[in-house]
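sequence and predicted structure, then a few things I'm wondering about:
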Amino acid sequence: MALREINFDGIIGPSHNYAGLSLGNLASTTNALNISHPRDAALQGVEKMRHNLGLGLAQGIFVPLPRPNHDWLSDLGTTVQDAPDTLRPAAFSASAMWAANAATVSPAPDTEDGRCHLTVANLRTMAHRSHEWPDTYCQLRCAFGNGEHFRVHRPVPPAFGDEGAANHMRIAPSHGAPGVEIFVYGKSGGRFPARQHVEASRAVARFHGLDPERTLFAAQSEEAIAAGAFHNDVVAVANENVLFAHEQAFENRAELYTALRRLVPEVEIVEVPAAAVGLDDAIKSYLFNAQLVSLPDGGMGLILPEEARETPSVWRWLEQMVEGNGPIRELFVVDVRQSMANGGGPACLRLRVVADPAAVDPRFMADEAKLDAISGCIAEWWPEQIAPDDLLNPELWDRIEHAREALLETLDLSDLA
Ligand code: SUG
């Protein structure tokens, strides 16, 4: 069994819009009610996947969820025609594009039964995200239906907020070796909500059959959440034996680093000091929402958003880092501005699964030809732009629904309709 890291990117849905729905996510609030460009957004996402395929990385896809979500509106006693302005944008949100929030994933070498476990996130803190999970669950059961290799769990009950892999990291000498899993939770975010509850993280660790000796729970620092780090993946990212984090990411970083060094002696911690890059610049630029990847020819690279290159303190620090003797040797820049304007960088757009690609339903695996077919479908069907009032227009509702159907047909995934 050949385990590889596969990045499953959420294809950006035809209803992508800026509704300012996420308190604590500064980009979402700042861009509230701007005009969005779903077609450009989705094409940017495809180009990121193409870039990563070109690096020799394994790439997968998830499809957008049905929007507007008629079932959710019906559960709330309304319809898309009659929904109040307080609900309609939430029913249209394309937020499932941020696949890092779809589920938490524990690869086979870490689990008691030797299967890769996935727990769908309940996303209960934000109304517009709380209705993603039933369709995400269906999609993951389809993609990872091979019961010899995978087990997909239903979400933690809504008593405790769970935001999936965005608050979870894994440190291992290599992808295929047993790792240490780190669950990062929030206690308080000052004026902003802490979206990940420690009880949810503990439940996920139990579902996955993780070894308690090799499972760490670390609190996010309150100052990070209050500065706009609504998920840990805005201030830290890990890959194999490397942890790349901001100095102010964790409440008690010394304790976390000591535990990691004891459990994985090969660990390399690359910490960015606040004196070099302040939390504000780190969050504005999404420096840590980069994809930290192992390159096929050795060494690691960071796949960063354009905004990182445009932030002088960040770019200066990165250029110095790659000239040094550390484990991160290369920088790649991608344009995901449409997603970034809602607080979703390169790493938010993907769910990492370490598994044998041959065990995944092939309809969810991507190659160049499939990406061409996807971009053709997007160019033909995705709306060019959405202004807030357009959500009242029945023609747009039809357009969004037809666009998704066309994509499902293109991918032979109409069983998810
Ligand atoms: O949950 N934005 C998303 C961004 C998620 C980013 N994911 C990770 N960090 N892994 C969120 O806050 C904005 C929607 C709007 O305002 O229209 C939104 O949901």
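It's in.

the helices in the stretch 151-300 of the chain, which residues?
Assigned by DSSP state H, counting those that start in this stretch, the helices in the stretch 151-300 of the chain fall at 198-207, 222-226, 253-263, 279-285.

would you turn those helices into JSON lines with mean neighbour count and distance to E368?
In short, each C-beta sits where N, CA and C put it, glycine included. Listed next are the helices of the stretch 151-300 of the chain as JSON lines, based on neighbours: other C-beta atoms under 10 Å; distance: least, C-beta to C-beta, whole Å:
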{"stretch": "helix 198-207", "mean neighbour count": "20", "distance to E368": "35"}
{"stretch": "helix 222-226", "mean neighbour count": "20", "distance to E368": "39"}
{"stretch": "helix 253-263", "mean neighbour count": "15", "distance to E368": "38"}
{"stretch": "helix 279-285", "mean neighbour count": "21", "distance to E368": "30"}
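
could you dump those helices to JSON lines with mean pLDDT?
JSON lines is the format used below for the helices of the stretch 151-300 of the chain (pLDDT from 0 to 100):
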{"stretch": "helix 198-207", "mean pLDDT": "98"}
{"stretch": "helix 222-226", "mean pLDDT": "97"}
{"stretch": "helix 253-263", "mean pLDDT": "98"}
{"stretch": "helix 279-285", "mean pLDDT": "98"}
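
Serialize these to CSV and add fields for distance to D398.
Below are the helices of the stretch 151-300 of the chain laid out as CSV (distance: least, C-beta to C-beta, whole Å):
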stretch, distance to D398
helix 198-207, 37
helix 222-226, 40
helix 253-263, 50
helix 279-285, 38
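
so for the ligand, which of those sits nearest?
Nearest to the ligand among the helices of the stretch 151-300 of the chain is helix 279-285; the distance by C-beta to the nearest ligand atom comes to 10.7 Å.

need the contact partners of stretch 143-159.
The list of residues contacting stretch 143-159 from outside it, by C-beta atoms under 8 Å, 6 or more residues apart in numbering, reads 8, 60, 62, 103, 108, 113, 115-122, 124, 130, 133, 137, 140-141, 162, 199-200, 203-204, 207-208, 353, 355-356, 359-361, 363-364.

now, of the residues you listed, which are buried?
8, 60, 62, 103, 108, 115-122, 124, 133, 137, 140, 162, 200, 203-204, 207-208, 353, 355, 359-360, 363-364 (16 or more other C-beta atoms under 10 Å).

returning to what we had before: looking at the contacts of stretch 143-159, which are in helices?
With DSSP state H as the criterion, helices contain 130, 133, 137, 140-141, 199-200, 203-204, 207 from among those.

residue contacts, the most centrally placed residue in the chain?
Centroid-nearest residue in the chain, with C-alpha atoms, centre = their mean: A100, separated by 2.0 Å. Contact analysis of A100 by C-beta under 8 Å, 6+ apart lists 164-166, 231, 233, 347-351.

if you rank those by neighbours, which is first?
G164 (30 neighbours; other C-beta atoms under 10 Å).

so which bits of the stretch 301-417 of the chain are right by the ligand?
Within the stretch 301-417 of the chain, the positions near the ligand by C-beta under 6 Å from any ligand atom are 342-344, 348.

in the stretch 101-250 of the chain, which spans are strands?
Remark: strands assigned in the stretch 101-250 of the chain by DSSP state E, counting those that start in this stretch are 103-106, 116-120, 150-153, 168-171, 180-185, 215-219, 236-239, 242-246.

if we can go back for a sec, for the contacts of A100, which one is nearest G54?
R350 (15.5 Å; C-beta to C-beta).

quick check: the closest one touching N7?
Yes: counting by C-beta atoms under 8 Å, R350 touches N7, with 4.2 Å between them.

many thanks, have a good one.
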